[in-house]
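Student: the sequence isn't on hand, but the structure is:
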């Protein structure tokens with residue numbers, strides 16, 4: 001069943017359709033007391049205490065076991081960064097597209113789950129606030145995450161891919177770039193190929209589901225076979241996707257959208273959720289009051305946290 005819950009957040013980006021001494025002295029007294037009683041008046045009787053106190057002073061430096069302080073720095077190597085991020089490139093056809101990969105700072109003897117993160121039609125740089133926050137939130141939860149500039153597979157003027165015509169004209173190289181990005185993750189021996197998901201925003205959400213379906217009737221690519229998908233501001237523009245959901249052909253879904261989104265109205269996410277429920281697909285829906293299509297500032301952090309929480313739990317990170 002659809003589990004609908006509302007999260008309050010500040011709204012702000014990205015477009016779709018347009019897109020780390022005292023104890024020592026007590027111990028010495030028994031040895032000192034016999035001598036004073038034997039020669040109580042002798043000056044030499046006073047000397048022994050002086051001599052005995054020397055060790056006490058020597059023990060103070062010994063308490064200079066500041067080597068213990070030296071041992072603390074030695075333990076410092078254990079302090080690894082929570083997240084390590086680095087630029088990457090992904091080969092798709094004859095093109096290299098840029099990306100960023102983030103992973104947990106601590107090493108693991110076991111293969112980790114992985115997630116591909118996709119921007120909207122505004123572009124890789126334009127949507128970096130929400131996608132960048134998402135790859136870092138995933139890595140903090142033990143998931144290897146990689147965001148890629150899949151739109152660079154077929155370069156176009158800024159915002160061109162916020163129009164349906166150019167998207168349809170370039171659909172094959174764009175979807176193939178996503179397929180190749182997921183293949184790059186699965187080929188990594190540090191990643192469990194059976195625990196791979198997607199976190200995608202706006203046009204990226206549409207493209208991820210089209211690639212999951214092998215092209216969704218628009219073209220032909222190797223199906224992604226995702227284990228889970230978290231979709232932000234899903235645009236209801238491809239009827240084959242809810243139709244496939246009714247047939248149970250999509251992975252478990254998490255749909256998050258704003259109730260004030262005029263670019264990708266929330267009805268589209270709800271319709272996909274209803275279709276998924278009909279097809280027996282586990283689905284969660286989060287409707288955010290007052291949120292429009294762009295996710296910026298606190299809204300971007302809130303969205304990234306929600307997507308990462310869901311995928312980390314679904315992929316058992």
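Tutor: Yep, that arrived. Here the structure is a predicted model, which is why all the values come from computation and not from measurement.
Student: quick one, strands of the protein?
Tutor: Counting by DSSP state E, the segments of the chain that form strands are 3-6, 83-92, 95-104, 112-118, 144-148, 191-201, 228-232, 253-258, 283-288.
Student: what is the fifth one packed up against?
Tutor: What it means is strand 144-148. strand 95-104, strand 112-118, helix 128-140, helix 171-186 (3 or more Cβ pairs under 8 Å, 6 or more residues apart in numbering; DSSP states H and E). For glycine as for every other residue, the C-beta is placed from the backbone atoms N, C-alpha and C.
Student: tell me which of those sits most buried.
Tutor: strand 112-118 (a mean of 29; mean count of other Cβ atoms under 10 Å).
Student: can you list the strands that that strand pairs with?
Tutor: Here strand 112-118 has these sheet partners by DSSP bridges: strand 144-148 (parallel), strand 191-201 (parallel).
Student: in TSV: those, plus mean pLDDT, distance to residue 284 and mean neighbour count.
Tutor: Listed next are the strands paired with strand 112-118 as TSV, based on pLDDT from 0 to 100; distance: least, Cβ to Cβ, whole Å; neighbours: other Cβ atoms under 10 Å:
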stretch	mean pLDDT	distance to residue 284	mean neighbour count
strand 144-148	98	20	27
strand 191-201	98	14	25
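Student: output those strands in CSV; the columns should cover distance to residue 168.
Tutor: Below are these laid out as CSV (distance: least, Cβ to Cβ, whole Å):
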stretch, distance to residue 168
strand 144-148, 21
strand 191-201, 18
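Student: out of those strands, which gets nearest to residue 172?
Tutor: Closest to residue 172 of the strands paired with strand 112-118 is strand 144-148 (Cβ to Cβ; 16.5 Å).
Student: how far off strand 83-92 does that closest one point, in degrees?
Tutor: Per axes from the mean of the first three to the mean of the last three Cα atoms, to 10 degrees, the angle that strand 144-148 makes with strand 83-92 is 50 degrees.
Student: distance-wise, check the residue positioned nearest the centre of the chain relative to residue 117.
Tutor: In the chain, the centroid-proximal residue (Cα atoms, centre = their mean) is residue 138; its distance is 1.4 Å. Distance of residue 138 to residue 117, given as Cβ to Cβ, to the nearest Å: 8 Å.
Student: what's the overlap in contacts for those two?
Tutor: Here residue 138 and residue 117 have 145, 199 as joint contacts, going by Cβ atoms under 8 Å, 6 or more residues apart in numbering.
Student: do you know the pLDDT at the residue nearest to the centre of the chain?
Tutor: On pLDDT, residue 138 comes in at 98.
Student: identify the residue nearest it in space, chain neighbours excluded?
Tutor: Leaving aside its sequence neighbours, residue 138 sits nearest to residue 145 (Cβ to Cβ, 6 or more residues apart in numbering; 3.8 Å).
Student: please name the bridge partners of that neighbour.
Tutor: Assessed by DSSP bridges, residue 145 has beta-bridge partners residue 102, residue 115.
Student: so it sits against residue 135, correct?
Tutor: Yes. In this structure, residue 145 is within contact of residue 135 by Cβ atoms under 8 Å, at 3.9 Å.
Student: so what's in contact with these two at the same time?
Tutor: In contact with both residue 145 and residue 135: 101-102, 115, 117, using Cβ under 8 Å, 6+ apart.
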